[in-house]
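Peer 1: what follows is a predicted structure for the sequence shown.
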Amino acid sequence: MPPHAPTSDPHSRVGYPGRDGAHSAAACDRLFPEAELVPLPSFQAVVDATAGGEIAFGVLPIESSLSGPVAETHDLLYGSPLAITAETVLPIRHCLVGIAEVPREEIRVVRSHPVALDQCRKLLAELPWATAIASPTTGDAAAQVAEHADPTEAAIASERAAGLNGLTVLETDVGDHPEAYTRFVSVGTFVRLDVNGKEWRTAFSFVTDHQPGALHGAIEPFARHGIDLLQLVSRPIPQTPWRYRFDAVLAGHPLDPIVRETLQEIRAKTRQLRLFGSYPAEERP
């Protein structure tokens, strides 16, 4: 059986977007070291397979230390029945890879995931003649360059992706900043209710009325109750033009009486409140 091939038992499988060599695959190894990994063609495919019970969990990137929230993951969570069950933070080291050593001026195409392209703006600015093309993942970008076998094409990917696809590392550390990290989350069809003494995070989303002070009123209970609001992201609501929701993460667990009371207050002050799950926090770098 080839690596990461599906088996008959969905409870032993964890899915991720892309191919082996993608950063999400490394996050799977960190979160589920004993699981069988299943590469899937897109973020949407990971969500669909998890919600449909074909795999036990999916793993997706949700935040970059450089480019911020991963919008696609936020929107997929909002539109699905899945909950976040765990998180991990990985250092991201971008390399420029190709089928052979070529001078920079001969590179005409650079492929990678949109977040990776955004994290390598300086490199792309130094290659103004090259076209940047988005790929589903950095692992896919490396595979596409290998398949095309065109020395004028390159990919921004990991050293592991280069090795798996028989590519040459043309340049290392091509990211705009030497220290870049991405937060990945596992998603499943249940909400974790166990509180085992660890530091917890709770992800949720809310929608306010369009009136002055609505957002302030919604988040004021956090300050009053002394709860740390770790993230607040504004996202448009699909099919309702010019209406927005706020995706957020707080420090704590809904089983904590203070957190529960705070969320109840927020529910009373908003049009909609949805929990995306609670999970143990991984210590940030």
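Peer 2: On my side now, so go ahead. Numbering: from 1, shown residues only.

Peer 1: C-alpha only now, for contacts and for neighbours.
Peer 2: Will do.

Peer 1: which residues touch the nearest residue to residue 69 once chain neighbours are set aside?
Peer 2: The shortest distance from residue 69 to any non-neighbouring residue, by C-alpha to C-alpha, 6 or more residues apart in numbering, is to residue 63 (4.2 Å). Taking C-alpha atoms under 8 Å, 6 or more residues apart in numbering, we find residue 63 in contact with 69, 70, 182, 183, 184.

Peer 1: and what of residue 120?
Peer 2: Residues near residue 120 by C-alpha under 8 Å, 6+ apart: 174, 175, 176.

Peer 1: buried ones only from those residues, please, as a PyMOL command.
Peer 2: A single PyMOL command is used to select the members of the contacts of residue 120 judged buried by 16 or more other C-alpha atoms under 10 Å:
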select buried, resi 174+175
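
Peer 1: any idea how many residues pack against residue 122?
Peer 2: 14 (other C-alpha atoms under 10 Å).

Peer 1: doesn't it belong to a helix?
Peer 2: Yes: assignment of residue 122 by DSSP: H, G, I helix; E, B strand; the rest coil places it within a helix.

Peer 1: which SS class is the spatially closest residue to it that is not a sequence neighbour?
Peer 2: Closest residue to residue 122 apart from its sequence neighbours, by C-alpha to C-alpha, 6+ apart: residue 176 at 6.0 Å. Three-state assignment for residue 176 (three-state DSSP): coil.

Peer 1: who's in contact with residue 176?
Peer 2: 119, 120, 121, 122, 123.

Peer 1: export those residues to CSV and tack on pLDDT and distance to residue 198?
Peer 2: CSV is the format used below for the contacts of residue 176 (pLDDT from 0 to 100; distance: C-alpha to C-alpha, whole Å):
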residue, pLDDT, distance to residue 198
119, 89, 32
120, 93, 35
121, 93, 38
122, 95, 40
123, 96, 40
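
Peer 1: and of those residues, the nearest to residue 190?
Peer 2: Nearest to residue 190 among the contacts of residue 176 is residue 119, at 33.3 Å by C-alpha to C-alpha.

Peer 1: what secondary structure does the residue nearest to residue 69 sit in?
Peer 2: strand.

Peer 1: what residue ranges in the protein score low on pLDDT?
Peer 2: Scanning the chain with the threshold set as pLDDT under 70 gives 1-10, 191-197, 283-285.

Peer 1: show me where the chain has helices.
Peer 2: 23-31, 43-51, 71-78, 114-119, 121-125, 138-148, 159-164, 214-225, 257-269 (DSSP state H).

Peer 1: and the contacts of the first one?
Peer 2: Residues outside helix 23-31 that contact it (C-alpha under 8 Å, 6+ apart) are 14, 16-19, 37, 39, 59-61, 86-90, 92, 138-139, 158, 184, 186.

Peer 1: how about a cut-off of 7 Å?
Peer 2: 16, 17, 59, 60, 61, 88, 184 (C-alpha atoms under 7 Å, 6 or more residues apart in numbering).

Peer 1: please narrow those residues to those residing in strands.
Peer 2: 16, 17, 59, 60, 61, 88, 184 (DSSP state E).

Peer 1: tell me the bridge partners for the nearest residue to the third one once chain neighbours are set aside.
Peer 2: Leaving out its chain neighbours, the residue that sits closest to residue 59 by C-alpha to C-alpha, 6+ apart is residue 186, at 4.4 Å. Using DSSP bridges, the bridge partners assigned to residue 186 are residue 59, residue 86.

Peer 1: follow-up on the earlier one: determine which two of the contacts of residue 63 are furthest apart.
Peer 2: 69 and 184 (10.8 Å).

Peer 1: name the residues contacting each of those two.
Peer 2: residue 62.
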